[in-house]
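Asks: predicted model and sequence follow; I will ask about them next.
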2 protein chains.
Amino acid sequence: MSSAAKDAAAAAERSPELTSRLGYLLKHAQLRLAELTAAALEPFGVNGRELAVLMVLAEGEPASQQEAARRLGIDRTSMVAFLDALEEKGLVERHPHAHDRRRNVVELTTAGRETMRAARRAGDEAERRFLAPLGRTAGAALKESLLALIESKG
Amino acid sequence: MSSAAKDAAAAAERSPELTSRLGYLLKHAQLRLAELTAAALEPFGVNGRELAVLMVLAEGEPASQQEAARRLGIDRTSMVAFLDALEEKGLVERHPHAHDRRRNVVELTTAGRETMRAARRAGDEAERRFLAPLGRTAGAALKESLLALIESKG
DNA sequence: GTTCAATCATCAGCGATACTGACAATCAGG
DNA sequence: CCTGATTGTCAGTATCGCTGATGATTGAAC
């Protein structure tokens, strides 16, 4: 992991042509943030993806696995593995749906709710630290711009 | 591929908690750009990574594969596969180093130079289209912010 | 000169990510 | 009932980028 130091040390010799390309910038910004986030979440025993699952589950009524996957923007088959892991950690529970036995209703356990809240605080803090060099305004502008890009057109 | 339409259709139902997190924004911005870039480069028979390799090689002849990898910020072992593919397409050539037979000097062929120029124009155009919704100023600000984030601290 | 650590390119293998396709169970409509 | 769609699951696949080992070569110490 901690390739942050190595990356930074090597970054000096990177081709400037390259570092001006948006693809490179997005990729490496994501990598750096992922490193920070991973370190911040490590004490809570969940990774960034699992935290996202917990957040989605906490957000509305208990949902089927498929609906949760839709809200997360991931595949239904990927959700299976996430829930397997989270269930094994005692953070979520699968219950059969009352009126549709095909479905699993997925709920956070008490431990799941607590872990979610704590991990989320840590994740937000990591994001804040990551954005700190930009200052408040530029940081917010960055997020707005990214959101606009994602939601534009089709 | 072309999951762009599907993504956009599904994006409406995404959790707002989620879409406000920087990790999500960076990841999906990168995905969308990658799709556009892949489509733009497809006529030239190279993908985004191969174009990046070509650009680094064009920038100055690296004295070894390892040096090229360093300038690209990738692993030396990954460079082997990239050069295998590019060599097979006739875009680069490996020559033994004059004074150190451990090294390969990697050169662009004429076809490689032409492909690089054309693919690069197409890639830049894709980036421009991707950034278009933001307008000139915000687009430039986005890139500056990302660069600042990547280069900050260690 | 010989020996030895370091460097280079290469290859096999692994781990993470995220998909497709197939499957059985279940539901809803006619 | 039948049929077609939906749900959760699993196996298989593809991509990406790494680690570790190997063999060739180099440079330097002795």
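Replies: Now that the structure is in, tell me what you want to look at. As the structure is a prediction and not an experimental result, all values here were calculated from the model.

Asks: ok, and the closest non-adjacent residue to residue A:122?
Replies: The shortest distance from residue A:122 to any residue that is not its chain neighbour, by CB to CB, 6 or more residues apart in numbering or on different chains, is 4.4 Å, and that residue is residue A:40. Using the backbone N, CA and C atoms, a C-beta is placed for each residue, glycine as well.

Asks: looking at the helix or strand containing the one you found now, give me its mean pLDDT.
Replies: For residue A:40, the host element (DSSP states H and E) is helix A:22-41. Confidence for helix A:22-41, expressed as mean pLDDT, is 95.

Asks: neighbours of the residue nearest to residue A:122, just the number please.
Replies: Close neighbours of residue A:40, defined as other CB atoms under 10 Å in any protein chain shown, add up to 20.

Asks: tell me the residues of chain A that contact DNA strand C?
Replies: Selection of chain A residues close to DNA strand C by CB under 7 Å from any atom of the strand yields A:47, A:49, A:74, A:75, A:77, A:78, A:99, A:100, A:101, A:102.

Asks: how about residue A:139, what does it touch?
Replies: Contact partners of residue A:139, counting by CB atoms under 8 Å, 6 or more residues apart in numbering or on different chains, are A:131, A:132, B:145.

Asks: which SS state does the residue of chain A most remote from its centre fall under?
Replies: Using CA atoms, centre = their mean, the residue of chain A lying farthest from its centre is residue A:99. It sits 31.9 Å away. Following DSSP: H, G, I helix; E, B strand; the rest coil, the label given to residue A:99 is coil.

Asks: again, but for residue A:83
Replies: Classification of residue A:83 using three-state DSSP returns helix.

Asks: roughly how far apart are it and residue A:56?
Replies: Between residue A:83 and residue A:56 the distance is 11 Å, computed by CB to CB, to the nearest Å.

Asks: residue A:63 too?
Replies: Distance of residue A:63 to residue A:56, computed by CB to CB: 8 Å.

Asks: which one of those two has more residues nearby?
Replies: Shown here are residue A:63 and residue A:56; by other CB under 10 Å, residue A:56 has more neighbours (24 against 19).

Asks: whichever strand or helix holds the more buried one near DNA strand D anywhere?
Replies: Assigning secondary structure by DSSP H and E places residue A:56 in helix A:48-59. No - between helix A:48-59 and DNA strand D, judged by CB under 7 Å from any atom of the strand, nothing touches; the nearest distance is 12.1 Å.
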